[in-house]
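In: Quick one: sequence and predicted model below, then my questions.
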Amino acid sequence: QELYCASPVRELRSLCKERGLKVSGVKDEVIERLVYDDEVLHHTDAADRAVEAATQKISSFRRNICILASIIVAVVFNPF
């Protein structure tokens, strides 16, 4: 549950959608659904989900760095 608390509600709702869970409600309700889904329905380890979420964030960060590097190269080597 602590891992979910640190995540933005937008990401939590996305997880709910992926799992076929109801996505509406306040953050605490969304977290409650995810925890219930983890513990009761799927018996999945929260650590595995945290690793998956972290991996997705790292991939997104890498993409953004590549885009930023491309922009910097374009500006440096193609001055206006």
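Out: All right, it came through fine. In this text, all values refer to a predicted model and were calculated from it rather than measured experimentally.

In: by contact count, what packs against the helix or strand hosting Arg49?
Out: Element membership of Arg49 [criterion: DSSP states H and E] is helix 46-77. Where contact means 3 or more Cβ pairs under 8 Å, 6 or more residues apart in numbering; DSSP states H and E, helix 46-77 is packed against helix 2-5. C-beta coordinates here come from the backbone N, C-alpha and C atoms, glycine included.

In: Okay, buried residues for the helix it packs on please.
Out: Leu3, Tyr4 (16 or more other Cβ atoms under 10 Å).

In: and what of stretch 5-25?
Out: Ser7, Val9, Leu12, Arg13, Leu15, Cys16, Val23.

In: Need phi/psi at the first one.
Out: When read as degrees, to the nearest 10, the backbone of Ser7 gives phi -90, psi 150.

In: ok, so what distance separates it from Ile67?
Out: Separation of Ser7 from Ile67 (Cβ to Cβ, to the nearest Å) stands at 23 Å.

In: With the second one instead?
Out: Between Val9 and Ile67 the distance is 26 Å, computed by Cβ to Cβ.
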